[in-house]
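Chemist: Pasting the sequence and the predicted coordinates here, then a few questions.
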Amino acid sequence: MSRRGDPRRVAQVPRARPSNPQDMLQSLQQRMEQTQAALANETVEVSAGGGAITVVMTGQQKIQSVKLSPDVVNADDVELLQDLIVAAVNEAIEKSQQLATSRMGELTGGLGLPNLLG
């Protein structure tokens, strides 16, 4: 019996292979470097204590500015100020990392690569 007409038989489809995998990797690496450089110009802004403290951070997790409301500066309650600064900086780091992950994910989307930012 001929298997030619057998519906259970699946035709072998050749897989598409990149013309030069090394060129593809170099291109991806260049785009990743460009994206990482661009993250230096993107910022996130976070406030804590109802706007008493504002932190601006780049997509490369570098603090650009910290603004304090005069109302929050109280010599009798330095601990509150310290806590608010820590909270604002930690939130800014988190948002900055999310921004970087998002931008890098746009490059590597669908490739199943691990987190390349560490």
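Modeler: Arrived safely. Numbers count the residues shown, from 1 in each chain.
Chemist: how close does A48 sit to T101?
Modeler: Distance check for A48 against T101: by C-beta to C-beta, to the nearest Å, it reads 22 Å. Backbone N, C-alpha and C define where each C-beta goes, glycine included.
Chemist: Between the two, point out the one with more neighbours.
Modeler: Shown here are A48 and T101; by other C-beta atoms under 10 Å, A48 has more neighbours (20 against 14).
Chemist: Please name the nearest non-neighbouring residue to the more buried one.
Modeler: Closest residue in space to A48, ignoring its immediate chain neighbours: A88 at 3.8 Å, by C-beta to C-beta, 6 or more residues apart in numbering.
Chemist: From what I see, the one you found and S47 are in contact.
Modeler: Yes. The criterion here is C-beta atoms under 8 Å, and A88 meets it with S47 at 6.9 Å.
Chemist: what do the two both touch?
Modeler: I53, T54, V55 (C-beta atoms under 8 Å, 6 or more residues apart in numbering).
Chemist: returning to that earlier point: which one of A88 and S47 has more residues nearby?
Modeler: In this view A88 and S47 are compared by other C-beta under 10 Å, and A88 has more residues nearby, 24 against 17.
Chemist: Which elements pack onto whichever strand or helix holds M32?
Modeler: Secondary structure assigned from DSSP states H and E places M32 in helix 21-39. Applying 3 or more C-beta pairs under 8 Å, 6 or more residues apart in numbering; DSSP states H and E, one finds that helix 21-39 contacts helix 78-108.
Chemist: what's the angle from the helix it packs on to helix 21-39?
Modeler: Helix 78-108 runs at 150 degrees relative to helix 21-39, counting by axes from the mean of the first three to the mean of the last three C-alpha atoms, to 10 degrees.
Chemist: before we move on, the earlier item: tell me the most packed of the shared contacts of A88 and S47, by neighbour count.
Modeler: Neighbour-wise, these (other C-beta under 10 Å) top out at V55, 24 neighbours.
Chemist: So what sits opposite that one in the bridge?
Modeler: V46, V66 (DSSP bridges).
Chemist: Just name the shakiest helix or strand of the protein by mean pLDDT.
Modeler: Least confident helix or strand, the chain: helix 21-39 with a mean of 86, by mean pLDDT, DSSP states H and E.
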